[in-house]
Structure formats: structure tokens, C-alpha cells
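Colleague: give me a 3D structure for the following:
(2 chains)
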Number of protein chains: 2
Amino acid sequence: MGIDRRTFMGSVAGGMAALGVAGRAKAQTAGPARPFRLATEEAFATPEMIEGWRGIAAGVSASADLAQWRTFLDGGFPSRTSILGKLLDIGDGRIADMDAHGVDMQLLSLTSPGVQVFNADQAVAIARDANDRLAEAVARHPTRFAGLVAIAPQAPEEAAREIERGMTRLGLNGVIVNSHTRGEYLDEEKFWPILEAAEAHDAPIYIHPRAFEDADTGPYAPYELSGARWGFAAETGLHGMRLLMSGVLERFPRLKIVLGHAGEGIPYWLYRIDYTWEAFTRSGVEQSALTMKPSDYFRRNFRITTSGMNDPQVLDFCIERLGPENVLWAIDYPFQRAADAVAFMDSAPVDDEVRRKVYATNAAELFGIDIAERTT
Amino acid sequence: MGIDRRTFMGSVAGGMAALGVAGRAKAQTAGPARPFRLATEEAFATPEMIEGWRGIAAGVSASADLAQWRTFLDGGFPSRTSILGKLLDIGDGRIADMDAHGVDMQLLSLTSPGVQVFNADQAVAIARDANDRLAEAVARHPTRFAGLVAIAPQAPEEAAREIERGMTRLGLNGVIVNSHTRGEYLDEEKFWPILEAAEAHDAPIYIHPRAFEDADTGPYAPYELSGARWGFAAETGLHGMRLLMSGVLERFPRLKIVLGHAGEGIPYWLYRIDYTWEAFTRSGVEQSALTMKPSDYFRRNFRITTSGMNDPQVLDFCIERLGPENVLWAIDYPFQRAADAVAFMDSAPVDDEVRRKVYATNAAELFGIDIAERTT
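Modeller: Next comes the predicted model:
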């Protein structure tokens, strides 16, 4: 740990209103020792992206996850309190929601499936605009927001340049990829410029779920299985497994991948993943690109968050399995209730040092967010 | 617990050689208190099925999992020590392997993908023959073998009759289904005669993994992800989720479903499964057929086994989450090493009562296998 950490530590976020945050924290809890709460999978949208989605969702060939979005997208101008209204607000309304639940800071990311449903030119333009808007929001509220660079994997070289722009000129904190892009995954060689740029700029890539391409017609179609209930984890867990087993972490050894939802199931399976790797390589069934056990890469290159999994037993399992440095807190605002996520993490059966790590300091270190002045 | 247990307790297995087993047990461990070891996901094959597979595997349109079998199927007559040789042996050779590792009893099932790759007529005939062979093996070695009824879901009414024949005339102990049948799942109404017969005869249905239909061309294709490493659990976990969320457990409330591989991941996700059920039903997004939380059905109607997951931390997680009554031991002979599974369960950090439950008594009760005379 530590040798491959970012040295640049959030200079954009300098000059933060330390007193204001600390005062609010005291007002909401019994004492000054409340941990700083930095939520790491918090969604926003831009008007341009939503307009683009509306056009696609109205068609017969909408992707499965845009079809799921129809209920959100219909109904004209969104109200302030609707999901869509909350997504479009990266200012005072969002901060009021954060204050209501004692959330100190959100790491913002363009909501799934992002620009990955558009053609390449449109995707590049909307991602670039979203990053400009995000950087403006962070500049206005540097103590409350940080953000991930949106990219268009459809155009890998453009995406690599946007990572550079986002991490240097815009001062953002990592990259968001909403899982597959038209059925293709980041381990494929065409996407390596993205991985290379992310590693070069110490930009962790957060792989956020979306639905499988055939989610509305295939075996995940019934009983609401295609989304948050099951299919999201199946699809994004597969994405993580492809990155883990492909050997790209040999080629880009300092790359950091972040998976939400308690690691999309992978921590549960590490024994079997290691077992098959050892058995297949020993027997010659597999010519693996890995030089150490898959679980070693998982601990070295992956971080997981608690988004959507306010489950103390799973948290305990993951901390024991991965170490307390590798687990980050998240809400998944506005899709999940901040009150649930805060109550879960406040009461989780861990010691105070681990609670501070999971609540904020792990994320601050990983994403290069300077919260030091606000945690004491 | 207990109200829906089978009352018929393995009369076929009467007259067992209690002394012989107890003597062997003593020879292998320090004292007489060694728990009885009943392995519950143990595979066999019949010559007719293997011949049928060879014909299909040679074709260009082989199912993904038969394509994986090519390495096993090639090479002419199998040696006694090959995987294929071990699968075809349900007599002395298998018992010698069991004795070598102190395995008292195997619950046998026709290996995946079973007859589910054949046309209906061929599938019905090969399943029926396999059940006759299995019953003969159990009759010859009633203290060492029990078995599950193979069925052809392609012919649901025939399958229901075969469940009746297997559970009554043949004295077998449950049903094996190798997950999807040509992309269709047991929650679909066409398969309800199978669920009805299983419930009526107190026959737990063991859902064993196989590969997704598109596993060799779709996103699971690279890095050996389609099989035991990842895709098996993804496919079979989905099967379990369809049964869990569809409402068939309202219609067949005494039905028991058994999932291997630590429940194919479902125990890890119960918080999120319950959360989405509550949120979607409350908001009107979902008209669910369930009348209680998904996790309540999971604890009532599902049992899980440790096959392929010799992981003490996962065992501990599952026992805490599901209760010690709901977890069964398995090896997955001959695909996994018996020595690993025995060493894992011998040393698992549970108390002696729980160890006995997981090692044998839970399975004996669930499948109606009388081991009482041999556990003391």
C-alpha cells in the first residue's frame, strides 16, 4: 500500500470551508468525533444527456437499461424532488439533501448508462460537456463535491485524451465507466489506451453497473431481474472478472478498478477463482497471463464500495477478506436512501479507525481528495 | 423446520453394514467421534449418455458446455483413473476412492448437462436408464450410495412420472436438474408438473450448474469464464433467482431447492434482493407474487451445499446468514479433490454439532437417508 498513491492531492479543492462543515457535523451528532462522510457512487445527469436518452428510449431498439429509464424520462419537465430533478441538480438542492443526512461530500459521476448508448461523436461531445459542468460544480463547492471524468469508450483515443484533460486541467479525481459499451469490455485491446491513460494519471476507474445487452429479452427479463435486483451485479461482476483474469493488470500494474455493490460479488468467489486458476494452469488447460493468484490482483488493483449494500454482515466479510483499506462507503444517491446508508455505516460493527477509513479516508487517498483539515 | 420433512426415511437403504463403516471410520481418525461424511453433489455418467454427448460434441452446433466436454470425451476408451472413467464407475472403484478419503456416503447425480442437450425422446430414455442403473448401484451398496432422479425437463409430464417412479419404486432421494434446458428455466409454467411432482414426493430438486447457451461466443467466452470460474454460478444463480422471485414457492410451498457452490452467490445478495422487492412493490413498479420477503423464502425453501467452495469464511457467512440447518457438505467428485473438501470441513471453525449437521445430518433429513445407525 502507498507506493502507488497519487501525489497530487486535490489542489483544486483547496480553500475549503472547514469551519462550516465542522459546525454542521457537530450539530448532527453527539460529539466532535463523527467521521467525515465521503460518498463515492453518487449520480448526476446533464440536460444534454437526458435529451439524447429520450430520443433513444422512444425508439424500438432502445438498450435494455434505457428501456428501464422510460419511467424516469417520461412526464415532461422534472420536478425538483423527482429522481430526474435530483440528478440534474449539482448545486444547492443536492447540498441541502446532503446536509439533511450529514453527508459531507459526494464524489459525483455521470449516471448509468452515461454516454455509452450514443454514437461516438455524440458520446464524446456530451461527455466533454458533462465534465466541464462537473468541474464548475466542484469549483463552486470544493468542500462538498469531487468528481469522476466521463468518457466515451466508443472512441478510445479521444477517451484517453479526455482522461488527461479531466485529471489535469479540470482537477477531477478518477474515471467513470458504465460497464459494457455495446457488449464490449475494457479488457479488450481496443480499450487499452483508456487503461494506459488512467494508470498514467493515477485515475481509478469506477465500473458502474448497467444491464446486459439482451436484458429485456433474455433470461434476465422476468421478475425485475435485469437491474439492481440481480442483472446489474451479474453484468458488472463479469466486467470485473474480465479485467481480473485477462492480464491487463500485468500490463498496467498500477491501475485501480473500483466496483460498487460490495465488489459485485467477486469477494465471495475468490477461493473458487484462485482454485480454477491454479488447477487450469497446472493442468495446461489455461495459458494464463497472470503471474500471481487472481485474489492477489484483486487486493492490489481493486477497491470496492458499499453502494446499495447496507449490510453489516457483508461489510464484515469484505473487510476480513480484502482488508479495511480496500472498502469505501457509498450511497448511490439519488437512487438509494442516504438515511439508510448513513445509519448502516454509523452502526456497523467495526472499530472507529476502520469506520473512518471506510467512511472517507480510503476514498480520499484513492481519489486524491484532501479532507485532512475537515476530519479533525 | 421439521413440519415439511419427509416421513419416508430411506427404507431402501435398510440393512446397512454399520459395523464395516464404523470400523473404517475409526481407522482413519483419532477417535470414534468422527462425523459421518455424506457428500451431496457427486457426479456419475452412463455409457449411453456419453455416447449421445459424443455425437453432439462432434457437431458444429454443440452447446457451450458440451464443447467444454470435448477434452474429456476425446481419446477413445476411458482409463479407470480418468475423469470419464471415474464418472462411469458407480461400484468398487468409486468406493475405493471414497475410502481413501474417509467419505462414508455419496449422493449421486447424473453429471451436467445430463440429458438436457438431447431431443425429448432420447432424453427420456437415457434418463430412465440412468435411474435404473443408479437404483441398482444403491441396492448393491446401500450404506455407501444414495441418488437423485434424473429427468428430461424437455418432456415435463414424462419427467413428473419419472419423479414418481424414482421416488417410490426406485427409492431414490430427490431430483437433479442441470439448470437451464435450451435456455428455459423451471419457473416457467410448462415445467410446473415437475415442481408439483417434486413437492408431492418430498423430492428436493438439486439445480446443478451448466453454461449459458451463448457461453462460447458471448461475453463469458474469454479467460475460461464460462464454466466453474464464473459462468456456472452466474447461470445457476440466475436460475435460483427466477425460482425465488417468480412466485412458484407460493404455489408449491413445500418445494425444496438445493443450490451448490455456497448457494451460487445468492446468500451474499439477500439484503439487496429484499431491498428491491420492498422498494419496487411499495412504489408499484412491481406486482410481486411473493407474500413475504425473498430472504424468508430462501431460508424456507432453499438449501445450499459447499461444493467447490472449501472456504471457511464463506461457510461461516452462510451459516450465520441461513442457519446451520440449511448448509450441506459436498465434494463434486470426481471434478474436485475429496481430500480438499474433507480437510476443509474437518477444520472448519464451527462447533461439533454444526459440523455433524453440515457433514451429514442436514442432508440425511432433507433427502430421507437413514444414517442414524452409523453416526454413533
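
Colleague: please, which helix or strand holds the nearest residue to A:Arg128 once chain neighbours are set aside?
Modeller: Once flanking residues are discounted, A:Arg128 sits nearest to A:Glu162: 6.4 Å by Cβ to Cβ, 6 or more residues apart in numbering or on different chains. Placement of C-beta: from N, CA and C, glycine included. Taking DSSP states H and E as the definition, A:Glu162 sits inside helix A:156-167.

Colleague: buried residues in that helix?
Modeller: Residues of helix A:156-167 classed as buried: A:156, A:158-167 (neighbour count, 16 or more other Cβ atoms under 10 Å in any protein chain shown).

Colleague: right, and the helix or strand after it?
Modeller: Following helix A:156-167 toward the C-terminus (DSSP H and E): strand A:175-177.

Colleague: who touches the residue of the stretch 1-150 of chain A found nearest chain B in this structure?
Modeller: Using Cβ to the nearest Cβ, the closest approach of the stretch 1-150 of chain A to chain B is made by A:Thr71 at 7.5 Å. Neighbouring residues of A:Thr71 by Cβ atoms under 8 Å, 6 or more residues apart in numbering or on different chains: B:Val285.

Colleague: how much space between it and B:Ala330?
Modeller: Between A:Thr71 and B:Ala330 the distance is 43 Å, computed by Cβ to Cβ, to the nearest Å.

Colleague: tell me where chain A has strands.
Modeller: Counting by DSSP state E, chain A has strands at residues A:38-44, A:105-110, A:145-147, A:149-150, A:175-177, A:205-207, A:257-259, A:302-305, A:327-328.

Colleague: could you identify which of the ones you listed is most buried?
Modeller: Greatest average neighbour count among the strands of chain A goes to strand A:149-150 (a mean of 32), per mean count of other Cβ atoms under 10 Å in any protein chain shown.

Colleague: give the pairing partners of that one; include direction for each.
Modeller: When pairing is defined by DSSP bridges, strand A:149-150 lines up against strand A:175-177 (parallel).

Colleague: distance from the strand it pairs with to the middle of the chain?
Modeller: 7 Å (Cα atoms, centre = their mean, to the nearest Å).

Colleague: any chance you could list what contacts it?
Modeller: Contacts of strand A:175-177 (Cβ under 8 Å, 6+ apart): A:109-110, A:114, A:116, A:148-151, A:153, A:163, A:166, A:186, A:194, A:198, A:203-208.

Colleague: now swap in stretch A:150-158 and tell me
Modeller: So stretch A:150-158 is contacted by A:109-110, A:114-116, A:118-120, A:123-124, A:127, A:130-131, A:134, A:159, A:162-163, A:175-177, A:181-182, A:184, A:186, A:190-194 (Cβ under 8 Å, 6+ apart).

Colleague: that stretch: end-to-end distance?
Modeller: 12 Å (Cα to Cα, to the nearest Å).

Colleague: what mean pLDDT does that stretch have?
Modeller: The pLDDT scores in stretch A:150-158 average 98.

Colleague: try stretch A:216-228
Modeller: 93.

Colleague: same deal with stretch A:277-296?
Modeller: In the prediction, stretch A:277-296 has an average pLDDT of 94.

Colleague: tell me which residues of that stretch come out buried.
Modeller: A:277, A:279-280, A:286, A:288, A:290, A:294-295.

Colleague: filter these down to just the ones in helices.
Modeller: A:277, A:279-280, A:294-295 (DSSP state H).
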